[in-house]
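Trainee: This is the structure alone, sequence omitted:
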C-alpha cells in the first residue's frame with residue numbers, strides 16, 4: 001500500500017512515539033498497591049503521558065474526581081496533537097471519531113437538566129474540542145431550563161433532529177430514552193458514513209471490521225443485560241439494539257431477544273458466528289469479552305495495515321482503554337482493595 005505509506009508515514013511515526021508512553025502491567029500492579037489517591041497522582045505525575053497535565057496539581061490534596069478529569073484531559077490533548085499532525089483526510093476521520101466526546105457531554109448536560117446532577121466540569125474538560133471542532137454550543141445546553149430549551153440549543157448540529165424526534169414521539173420521554181436515541185444515532189451514522197470517514201476503500205474495509213465487530217458485540221451485551229438485569233419486554237429490547245449487522249444475522253438478533261431463559265440465550269449465542277469462533281464465549285463474560293475482542297481486532301488490524309487509519313483508531317482506542325483501567329484502579333485504591341483482587345478488576349477492563 002504505497003499510497004498509504006506515503007500518506008501515513010509521518011503520522012504513524014508520531015503515534016508510535018506517543019504509544020511508547022502507555023503504562024505497563026507492572027505500572028498497574030504498583031498503582032493498585034498504593035495507599036491512596038494522592039499517592040496514585042504522585043506516581044502518575046512521574047510518567048511521561050501524564051506529567052504535563054498533572055504538573056500544576058497539588059497531588060497531596062487532589063481528590064479522585066479531579067484526577068479522573070485530568071486523566072481524560074490527556075486523551076483530548078493527545079487528540080489535538082494527532083489532529084495538528086494530520087492531513088485533511090486523517091482529520092476528517094478524527095473529527096468523526098471524536099463525536100463520541102460530543103455524545104458524552106450531551107448526556108452529561110441532559111442528566112444535569114433532568115435529574116439535577118452531572119457536573120458542568122465535563123464541558124471544562126472538553127472545552128478545547130468544543131470550542132475548536134464542534135458545531136455544539138455547550139454553554140447554551142448548560143443554561144437550558146427545559147427539555148425544549150435543551151433541544152433548541154442543538155439547532156445547527158447533527159443531533160437536533162433525532163432529539164426533537166424523541167420529544168415529538170413522547171413528551172414524557174425519560175433520560176434513558178434520550179440517551180438510547182443518542183447512542184443509536186451515533187452508531188448508525190458512523191456505520192452509514194464509514195466510507196466517507198475512511199477516505200479510501202482500504203481504510204473503509206478496516207473501519208468496517210473495527211466498527212462492525214464493536215456493534216455486534218455491543219448488541220450481544222445489550223440484549224443479555226436487558227434480559228438478565230432489567231427483565232425488559234421484547235419490544236423494548238428491540239428498540240435499544242443497534243441497527244447494524246456485521247457478522248450477526250437478523251435471525252440471531254431475533255432469537256436472542258426472544259430467548260425464553262438465560263440457558264436458552266447461552267445456547268443460541270453459541271450458534272452465532274462469534275459463538276463458533278470464540279471458544280470461551282459465555283453470556284456472563286460478555287462485557288469482558290467485548291473489550292478483549294475489540295482490543296484484539298484493533299491490534300491485529302493495525303499490525304496488518306500499519307500505514308492506514310488503523311493506526312489512528314488504535315491509538316485513541318487504547319488510550320481510552322488505559323484511562324478506563326486507571327479509573328477502575330482508582331476505585332480499588334479508594335476502597336482499599338487487596339492488590340491481587342484489584343488487579344483482577346483492572347484486568348477485566
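Mentor: Structure's in. What do you need? Bear in mind that the values here come from a model prediction, so they are computed numbers and not experimental data.
Trainee: all helices of the stretch 151-300 of the chain, in order?
Mentor: Along the stretch 151-300 of the chain, the segments classed as helices by DSSP state H, counting those that start in this stretch run 160-169, 175-192, 194-198, 201-228, 234-240, 250-257, 262-271, 273-277, 286-304.
Trainee: For residue 183, list the residues it contacts.
Mentor: Counting by Cβ atoms under 8 Å, 6 or more residues apart in numbering, residue 183 touches 103, 242. Quick note: C-beta positions are derived from backbone N, CA and C, even for glycine.
Trainee: Okay, it and residue 334: tell me how far apart.
Mentor: Residue 183 sits 29 Å away from residue 334 when distances are taken as Cβ to Cβ, to the nearest Å.
Trainee: How about residue 166?
Mentor: 36 Å.
Trainee: Comparing those two, which shows the higher neighbour count?
Mentor: Shown here are residue 166 and residue 334; by other Cβ atoms under 10 Å, residue 166 has more neighbours (20 against 13).
Trainee: Quick check: the more buried one touching residue 175?
Mentor: No: using Cβ atoms under 8 Å, residue 166 makes no contact with residue 175, being 10.9 Å away.
Trainee: hang on, the earlier thing: now the helices of the stretch 151-300 of the chain in TSV, please, with extra columns for mean pLDDT.
Mentor: Shown next, in TSV, are those (pLDDT from 0 to 100):
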stretch	mean pLDDT
helix 160-169	97
helix 175-192	96
helix 194-198	94
helix 201-228	96
helix 234-240	95
helix 250-257	98
helix 262-271	96
helix 273-277	97
helix 286-304	95
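Trainee: closest one to residue 71 among these?
Mentor: With Cβ to Cβ as the criterion, residue 71 lies closest to helix 286-304 of the helices of the stretch 151-300 of the chain, at 17.9 Å.
Trainee: Give me the packing partners of the closest one, helices and strands only.
Mentor: Contacts defined by 3 or more Cβ pairs under 8 Å, 6 or more residues apart in numbering; DSSP states H and E place helix 286-304 against helix 201-228, helix 309-334, helix 339-348.
Trainee: Tell me which of the helices of the stretch 151-300 of the chain is the most buried.
Mentor: With neighbours taken as mean count of other Cβ atoms under 10 Å, these reach their highest mean count in helix 201-228, at a mean of 20.
Trainee: Could you list every helix and strand that it packs against?
Mentor: Judged by 3+ Cβ pairs under 8 Å, 6+ apart, the packing partners of helix 201-228 are helix 175-192, helix 194-198, helix 234-240, helix 250-257, helix 262-271, helix 273-277, helix 286-304, helix 309-334.
Trainee: From the chain's centroid, how far away is the first one?
Mentor: Counting by Cα atoms, centre = their mean, to the nearest Å, helix 175-192 is centred 13 Å from the centre of its parent chain.
Trainee: Could you tell me the angle between it and helix 201-228?
Mentor: What separates the directions of helix 175-192 and helix 201-228 is an angle of 150 degrees, with axes from the mean of the first three to the mean of the last three Cα atoms, to 10 degrees.
Trainee: What angle do helix 160-169 and helix 175-192 make with each other?
Mentor: Using the same axes, to 10 degrees: helix 175-192 against helix 160-169 is 140 degrees.
Trainee: ok, which stretches of the stretch 1-150 of the chain are helices?
Mentor: Secondary structure of the stretch 1-150 of the chain (DSSP H, counting those that start in this stretch): helices at 2-19, 25-32, 37-45, 51-54, 64-84, 88-97, 99-115, 121-133, 138-143, 147-152.
Trainee: residues contacting residue 68?
Mentor: 327, 330 are the contacts of residue 68 under Cβ under 8 Å, 6+ apart.
Trainee: Please tell me how far the residue nearest to residue 185 when sequence neighbours are not counted sits from residue 211.
Mentor: Distances taken as Cβ to Cβ, 6 or more residues apart in numbering place residue 162 nearest to residue 185, at 4.3 Å, with adjacent residues excluded. From residue 162 across to residue 211, the span is 19 Å (Cβ to Cβ).
Trainee: next one: residue 49
Mentor: Distance from residue 49 to residue 211, by Cβ to Cβ: 26 Å.
Trainee: What number of residues are in the vicinity of residue 143?
Mentor: By the measure other Cβ under 10 Å, the count of residues near residue 143 is 13.
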